[in-house]
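S.K.: just need the structure, nothing else, for what follows:
(one chain, ligands or ions: 1)
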Amino acid sequence: MTNILLTGSSRGIGAAVAATLMRESGVRLAGHGTASGVAADFADPAGPRTLWDRALAKLGTIDVLVNNAGVFEANSIDRDDASWLADWERTMRINLTASAALCRLAVCHWRERGAPGRIVNVASRAAYRGDSRDHWHYAASKAGMVAMTKTIARGYASAGILAFAVCPGFTMTGMAEDYLASRGGDQLLADIPLGRVAEPGEVANAIAYLALSAPPSMTGAVIDVNGASYVR
Ligand SMILES: NC(=O)c1ccc[n+]([C@@H]2O[C@H](COP(=O)([O-])OP(=O)(O)OC[C@H]3O[C@@H](n4cnc5c(N)ncnc54)[C@H](OP(=O)(O)O)[C@@H]3O)[C@@H](O)[C@H]2O)c1
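M.R.: This is a model prediction of the structure:
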């Protein structure tokens, strides 16, 4: 049996990951989000610990952590100092700090038990390519996730603890639909050689592969799912 804690499973990519994982035999899932699963607000510094403890109470042990929850909120540099800083810190806390806190709890859990484990962090194409002028914080938070993933991979591979990241490009969820609508869909699609945005199920397949079956020698890998819109 593989016990998985998946954040942000209430909708979008996370809901597709939950559906994909539940089609696999031998998987037990603790989902997270307000609409379904265990609720915990990552804007609250106590949120990750609350979620971890509740998931552990439900599952007994955790073998795989998927950090998928995230926000994509505009933050113009023309706003006043306090508003800009507050929203910079909100995105960093939800996207990066909460993921880091859960990675820490997972690594400590596996180290204490002498058990192997896997982490899959959902970052973004923005980590490598950057994002719009209103999304410095978003790109920085995702680049931070990639650097953290590689660091965990290098630090704990010898203990059987593996870490991977996935970098989706535009994916057809609420997050992408709002962005496409606000920034002119046709122009953005022209930038994607595949000619369309990714489906949540495509990103979910990559995440499920890393969570369940990717070979250990892949640890530290970052998988792009972006229709060749950013090739590195
Ligand atoms: N869609 C894209 O084009 C795209 C591209 C690149 C990367 N990504 C990344 O993929 C991941 C999933 O994106 P998505 O498009 O599926 O997003 P989405 O449809 O907006 O769903 C976001 C998920 O994150 C959770 N979440 C939001 N704010 C939270 C908070 N304060 N505390 C705890 N959970 C919170 C939501 O839970 P509630 O239901 O409780 O609000 C929801 O389950 C994100 O990390 C995103 O950055 C997405």
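
S.K.: helices of the chain, start to end?
M.R.: 12-22, 47-59, 81-91, 98-113, 126-129, 136-156, 174-183, 185-190, 200-212 (DSSP state H).

S.K.: from the rest of the structure, what touches the lowest-mean-pLDDT helix or strand in the chain?
M.R.: Least confident helix or strand of the chain, by mean pLDDT, DSSP states H and E, is helix 174-183 with a mean of 71. Identification of contacts with helix 174-183 by CB atoms under 8 Å, 6 or more residues apart in numbering yields 11-12, 72, 132, 170, 188, 197. Heads up, the C-betas are built off the backbone N, CA and C, glycines and all.

S.K.: can you report how many residues neighbour the residue lying closest to Pro200 once chain neighbours are set aside?
M.R.: Among residues not flanking Pro200 along the chain, Ala16 sits closest, at 3.6 Å (CB to CB, 6 or more residues apart in numbering). As a burial measure, Ala16 scores 23 neighbours (other CB atoms under 10 Å).

S.K.: is it true that Ala16 touches Ala208?
M.R.: No - counting by CB atoms under 8 Å, Ala16 does not reach Ala208; the two are 9.5 Å apart.

S.K.: settle this for me: Tyr230 is touching Ala127, isn't it.
M.R.: No - applying CB under 8 Å as the test, Tyr230 and Ala127 come out as separate, 9.9 Å apart.

S.K.: roughly how far does the residue of the chain positioned farthest from its centre sit from Trp88?
M.R.: What lies farthest from the middle of the chain is Asp80; by CA atoms, centre = their mean that is 29.8 Å. Remark: distance between Asp80 and Trp88 (CB to CB, to the nearest Å) = 13 Å.

S.K.: can you confirm whether the longest strand belonging to the chain lies near the ligand?
M.R.: The strand that spans the most residues within the chain, counting by DSSP state E, is strand 161-168. Yes - counting by CB under 6 Å from any ligand atom, the ligand has neighbours in strand 161-168: Pro168.
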